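*Asks:* Sequence plus the predicted model coming up.
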Amino acid sequence: MKKILLTIIDGLGDKPIPQLGNKTPLEAAKTPNLDFLAKNGICGLVKPFKFPKEKVPSSEGTHIALLGFIDYFLGRGVYEIAGIGMKLRKGEVALRGNFATASRSLKVIDRRAGRISETKLLVKALQGIKIDGVKFLIKKSYGHRAGLVLRGKNLSSKISDGDPHKAGVRVKKILPLDKSKEAAFTADILNKFLKKTYRILNRHPFNKERIKKGLLPGNYLLIRGAGELKDIPAFRERFGFKACCIAGGALYKGIAKILGMNLIKVRGANGFANTDLKGKILAAKKNLKKYDFIFLHIKAADSLAEDGNFLGKKEFIEKIDKNLKPILNLKDTLIVVTADHSTCSLLKRHCSELIPILVYPPKFCQAKLRWVYGNGKNGVKKFSEKNCKKERLGIFEQLDLMPKILKLRTS
């Protein structure tokens with residue numbers, strides 16, 4: 001069986017930026033290795049998946065879609081919890097949380113509290129809370145993130161988010177999404193929990209010290225993505241691949257874990273711009289000897305764009321490119337490079353721009369490539385959103401990514 005290396009550069013796509021000469025960060029970046037793969041492979045654009053109620057693509061929805069499991073979506077909280085190693089039992093509710101900064105009127109000042117990362121003391125202060133017979137278990141994730149599990153009886157994940165997804169507005173009250181007693185009960189105890197945690201966090205010495213230093217306090221917990229554990233088929237069962245994942249962020253590790261992929265640990269690998277890119281890419285190359293499918297996730301381009309740091313995003317893309325050399329001459333390996341969604345630096349959020357994709361086939365795939373996509377010459381000299389628009393893969397739905405990959409798995 002031939003090997004597949006799926007590399008996801010989170011938030012890779014963008015809109016043109018005046019300060020970059022009306023180029024996107026990817027267009028403006030110097031990427032000789034990505035350009036080589038694009039020029040000698042095939043390219044196109046991917047339309048990112050959105051749930052019906054979403055205005056822009058979400059990280060959880062797009063990753064589940066591109067891996068071919070949208071029919072088995074469990075809710076973001078489940079994946080976050082799995083990714084940070086918390087135990088989750090059937091009947092419990094899992095949520096993802098952000099330590100945020102809120103005013104006395106509960107208006108969101110900053111959804112990430114200035115991207116606070118030292119949250120251990122805040123997490124510790126929220127341990128042991130029990131409301132109406134339900135235990136609230138919380139654990140630190142990376143950066144400003146945390147995982148939350150509700151353990152008790154008569155719970156439901158059919159509840160709304162507390163995160164308004166933007167600053168300058170009040171936090172949202174948790175509401176039941178159906179008429180069940182369980183949903184009403186779960187929403188009620190969560191609202192009580194959030195009021196209590198706000199009082200605790202607002203008075204916490206760690207936050208008071210941050211304020212003295214001119215830093216934003218992490219005084220509110222924005223929660224979203226309620227989900228419950230259910231039985232789903234494994235990735236190997238669905239596609240026949242022995243698969244592994246190399247990632248720094250909890251969400252991506254959690255998705256892989258839930259799908260039955262093995263997690264490969266790389267020292268220094270995280271979801272930030274200082275992640276060990278060299279280590280991650282070398283680990284991918286090494287593990288192709290053992291696995292048929294490798295899901296390699298690289299996060300920070302997304303976070304930099306969310307902060308409006310388009311120069312940082314451009315430089316991080318260049319850093320990724322410099323570390324790609326070890327995989328340029330892999331044998332019997334299909335290399336796919338794309339993103340989960342676009343993140344627009346000027347908007348400082350996810351956006352619905354189409355995502356560039358390249359598929360670099362080794363020699364064994366050339367005949368299959370011509371049979372599936374024709375003999376048209378690849379005109380891509382530079383891997384970018386604009387250049388991939390009219391290429392042979394065309395524009396296709398994210399849900400069709402795995403079927404397209406499977407067409408090229410054998411010669």
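*Replies:* Yep, it's here.

*Asks:* What ranges does the chain have for its helices?
*Replies:* Ranges of helices in the chain, per DSSP state H, are 25-28, 32-39, 59-66, 76-83, 120-125, 181-203, 205-212, 235-239, 250-258, 277-287, 300-306, 310-322, 366-373, 401-407.

*Asks:* Out of the ones you listed, which is the most enclosed?
*Replies:* Compared across the helices of the chain, helix 76-83 shows the largest average neighbour count, a mean of 28 (mean count of other CB atoms under 10 Å). (C-beta placed from N, C-alpha, C; glycine too.)

*Asks:* That one packs against which elements?
*Replies:* Contacts defined by 3 or more CB pairs under 8 Å, 6 or more residues apart in numbering; DSSP states H and E place helix 76-83 against helix 59-66, strand 93-102, strand 145-151, strand 220-227, helix 250-258.

*Asks:* Show me where the stretch 301-411 of the chain dips below the pLDDT cut-off.
*Replies:* Applying pLDDT under 70 to the stretch 301-411 of the chain picks out residues 362-378, 410-411.

*Asks:* try the chain
*Replies:* 1, 362-378, 410-411.

*Asks:* Can you give the domain ranges for it?
*Replies:* Split into domains by automatic domain parsing, the chain comes to 3-71+232-407, 81-227.

*Asks:* and the most centrally placed residue in the chain, what does it touch?
*Replies:* Taking CA atoms, centre = their mean, the centroid of the chain lies closest to Ser59, which sits 4.3 Å from it. By CB atoms under 8 Å, 6 or more residues apart in numbering, the contact list for Ser59 reads 10, 76, 251, 302, 340-341, 350.

*Asks:* export the helices and strands packed on helix 76-83 to CSV and tack on distance to Asp332?
*Replies:* Shown next, in CSV, are those (distance: least, CB to CB, whole Å):
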stretch, distance to Asp332
helix 59-66, 23
strand 93-102, 38
strand 145-151, 38
strand 220-227, 37
helix 250-258, 23
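
*Asks:* Of the ones you listed, which is nearest Leu406?
*Replies:* helix 59-66 (13.1 Å; CB to CB).

*Asks:* could you give the angle of the closest one to helix 76-83?
*Replies:* Angle, helix 59-66 to helix 76-83, by axes from the mean of the first three to the mean of the last three CA atoms, to 10 degrees: 80 degrees.

*Asks:* Could you check the angle helix 59-66 makes with strand 220-227?
*Replies:* Helix 59-66 runs at 30 degrees relative to strand 220-227, counting by the same axes, to 10 degrees.
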